[in-house]
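**Student:** Need a 3D model of the following:
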Amino acid sequence: MPRRWWQWMILLVLIWDWGRATVPRLLTPDSLLGSFDAFWWAGHCVVNGRDIYSPPPNTTERNVYPPFHALLMAPIAILPKKVAFFLWQVGQLVVLIFCFWWMEQIGAFGASQREGRIWLSLLLVMPFLEHNFIWAQYNHWLLLTLLGFLLLLNRQRFLESGCLLGFIFSVKPFHLPLILFWLILKREWRTLLAFLLSAVTFSFLLPACVWGWHGAWSLLARWHEKVAPNAFCVTTPCGGLPSTLFRLLTPVNVSLEPEKPLTVNFLTLPSPLVSGIMTILAVLLIILIVSECRQPLTMTNGLRTLYEMALVLTVSLLLSPRTEKHHCLLLLPATFLIADGWMRTEGNCKVLFVPLGIAGAIFVLRQLLPRSWREGLRLPYWWHSGVMLTYLFALLIVKPIGQPDPKEWRSDVGSNSDARDDSNDSGSDGANRSHPAEMDDKRAGDAPS
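**Tutor:** Numbering: from 1, shown residues only. Sure, this is the predicted structure:
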């Protein structure tokens, strides 16, 4: 629970955003429920033997996920739509709590700054969490399963972690390819093999049990050929670097109304040149991942793996042409580590002031500036990428330094989280392994803030 006034303010904003996105829709007949309309409809089509890619009634939302997604939605579709929506929205809050709990377990953080770390990270991701509430998306479930994958991997349960990753990939694969690249860098071949077997099982074999071999293959091919490509259109007004650069550097139409074309470009450059710029940026970001994640998993502790996963997810969101605001809930591990760095040491606080100040200014300006000013600055068309880039810089500032003795750390992986918290507070070896930079400060006589 919150202990300080600013933490209570964040909690009140969280409750307000959730209530505003949930309660009016429950009370209004035939109200639109965001993406949940398409989720529920896909499950409804499975239950009633209809085409899972048929358009839902009274909404422009569409099912853009693989066939296995519709099977998962079938139990939800048995419930009345409004009841299912309410449980879905409550589940967002419950899953958010578990995400924080698992991040604490993975990083073996101390208990002294826990409240500040949690509430500050929640504040940094609040605008994106709000959109997840509004659209009733399930990025919270995606994040929870990714953290579960990381927790299993750190406990050397390679087959289970690979199977869980294959499960996630079969539901929503759009932001996950770089995680496979990360596993290759870590040389986790057993996990990759388990992933492949799991992905084939969930993507094809289980749907084949429902629709038959031909039907399952036909649905999968239809999704791949007609549905999935629409999720990677660079001219769509989304927040990733590709669509942002094309909006700002080429005269592309960004209007959602065909009869009212709109261009917002600062410069007019040839599209091949913009593609070349984007390719260079993508290569630089991939090189960053390689340089930061090249250590094998046996030489990486829980805190470091959480940092690497946060880095991979942040870069994935930046490189995807269809990163929407609700997808950026996947930035929560990054904001969690940034908040931890802010709370622990005065040195990081001073350095972090610049990127966090920039992000805060962008958030404030997009709300308080007059509309004409916002449109003049093209703020609605680049703030999203701007915030992600500042979080990337802040994450690099607070990255864990130093690697533990792998034998010592592995012996502590499955230990009780409370025991780890106690050892961190007392300055024991567990704290040395989890926060080497912090312990170096203590030995030098600098108490953390």
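
**Student:** Give me the distance between the residue positioned nearest the centre of the chain and residue 70.
**Tutor:** Residue closest to the mean C-alpha point of the chain, counted by C-alpha atoms, centre = their mean, is residue 330 at 1.2 Å. Residue 330 is 23 Å from residue 70, where distance means C-beta to C-beta, to the nearest Å. All C-beta atoms are positioned from the backbone trio N, CA, C, and that covers glycine.

**Student:** so where do the helices sit in the stretch 301-449 of the chain?
**Tutor:** All helices of the stretch 301-449 of the chain, identified by DSSP state H, counting those that start in this stretch, fall at 302-319, 332-344, 346-368, 371-376, 383-397, 406-412, 417-425, 429-434, 436-443.

**Student:** can you pull the contacts of residue 282?
**Tutor:** Contacts for residue 282 were tallied using C-beta atoms under 8 Å, 6 or more residues apart in numbering; they are 241, 319.

**Student:** 199 is where my numbering starts, stick with that
**Tutor:** I'll keep to 199 as the first residue from here, and by that count the last item is residue 480.

**Student:** Give me the distance from the helix or strand it falls within to the chain's centre.
**Tutor:** Element membership for residue 480 (DSSP states H and E) is helix 469-491. From the chain centre to the centre of helix 469-491 is a distance of 20 Å (C-alpha atoms, centre = their mean, to the nearest Å).

**Student:** Now it: buried residues?
**Tutor:** Across helix 469-491, burial judged by 16 or more other C-beta atoms under 10 Å covers 472, 476, 483, 487, 490-491.

**Student:** cool, and stretch 404-422?
**Tutor:** Buried, per 16+ other C-beta under 10 Å, within stretch 404-422: 405-406, 408-409, 414, 417-418, 421.

**Student:** Give me the lowest-pLDDT entry from these.
**Tutor:** Minimum pLDDT for the buried residues of stretch 404-422 is recorded at residue 421 (87).

**Student:** Report the contact partners of that one.
**Tutor:** Contacts of residue 421 were listed using C-beta under 8 Å, 6+ apart, and they are 251, 263-265.

**Student:** any idea how far it lies from residue 264?
**Tutor:** For residue 421 relative to residue 264 (C-beta to C-beta), the value is 5 Å.

**Student:** What is the burial count for residue 395?
**Tutor:** Look at residue 395: counted by other C-beta atoms under 10 Å, it has 15 neighbours.

**Student:** for it, what are its contacts?
**Tutor:** Shown in contact with residue 395 (C-beta under 8 Å, 6+ apart): 360-361, 364.

**Student:** let's go with 10 Å and repeat that
**Tutor:** Listed by C-beta atoms under 10 Å, 6 or more residues apart in numbering, the contact set of residue 395 reads 357, 360-361, 364, 403.

**Student:** Can you tell me the SS state at it?
**Tutor:** Following DSSP: H, G, I helix; E, B strand; the rest coil, residue 395 is assigned to helix.

**Student:** Where does the prediction get shaky in this structure?
**Tutor:** 199-200, 425-435, 454, 456, 544-547, 599-647 (pLDDT under 70).

**Student:** Regarding it, what is its longest helix?
**Tutor:** Using DSSP state H to assign secondary structure, the helix with the most residues in the chain is helix 279-305.

**Student:** Count the residues that sit near residue 572.
**Tutor:** Per other C-beta under 10 Å, the neighbour tally for residue 572 reads 17.

**Student:** Touching, it and residue 566? I think so.
**Tutor:** Yes: taking contacts as C-beta atoms under 10 Å, residue 572 lies within contact range of residue 566: 9.4 Å.

**Student:** Mind listing what's buried along stretch 354-370?
**Tutor:** Buried, per 16+ other C-beta under 10 Å, within stretch 354-370: 355-356, 358-370.

**Student:** Tell me which entries of those residues lie within helices.
**Tutor:** Those of the buried residues of stretch 354-370 mapping onto helices are 356, 358-369, per DSSP H.

**Student:** Widest-spaced pair of these?
**Tutor:** 356 and 369 (21.0 Å; C-beta to C-beta).

**Student:** give the contact list for residue 549.
**Tutor:** Residues near residue 549 by C-beta under 10 Å, 6+ apart: 539-540, 543, 591-592, 595-596.

**Student:** roughly how far apart are it and residue 535?
**Tutor:** 14 Å.

**Student:** before we move on, what about residue 488?
**Tutor:** Residue 488 is 20 Å from residue 535, by C-beta to C-beta.

**Student:** Over to residue 329?
**Tutor:** Separation of residue 329 from residue 535 (C-beta to C-beta): 22 Å.

**Student:** which of these two has more neighbours?
**Tutor:** residue 535 (27 against 19).

**Student:** Please look at the more buried one and residue 508 and confirm they touch.
**Tutor:** Yes: using C-beta under 10 Å, residue 535 makes contact with residue 508 at a distance of 5.7 Å.

**Student:** shared neighbours of these two, which are they?
**Tutor:** 301, 589, 593, 597.

**Student:** In terms of distance to residue 498, which of these ranks first?
**Tutor:** Residue 498 lies nearest to residue 597 out of the shared contacts of residue 535 and residue 508, by C-beta to C-beta, at 12.3 Å.

**Student:** In this structure that closest one contacts residue 486, no?
**Tutor:** No: Residue 597 is beyond contact range of residue 486, at 11.2 Å (criterion: C-beta under 10 Å).

**Student:** what touches both of the two?
**Tutor:** Counting by C-beta under 10 Å, 6+ apart, the residues touching both residue 597 and residue 486 are residue 509.

**Student:** what's the nearest residue to residue 399 if we skip its chain neighbours?
**Tutor:** Distances taken as C-beta to C-beta, 6 or more residues apart in numbering put residue 364 closest to residue 399, at 7.2 Å, once the chain neighbours are dropped.

**Student:** ok, residue 216 - contacts?
**Tutor:** 287-288, 290-291, 294, 327-328, 330-332.

**Student:** how does it look with 7 Å?
**Tutor:** 287, 291, 331 (C-beta atoms under 7 Å, 6 or more residues apart in numbering).

**Student:** Just the buried subset of the residues you listed, please.
**Tutor:** 287, 331.

**Student:** Now render the contacts of residue 216 as JSON lines, adding distance to residue 375.
**Tutor:** Formatted as JSON lines, the contacts of residue 216 follow (distance: C-beta to C-beta, whole Å):
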{"residue": "287", "distance to residue 375": "30"}
{"residue": "291", "distance to residue 375": "30"}
{"residue": "331", "distance to residue 375": "27"}
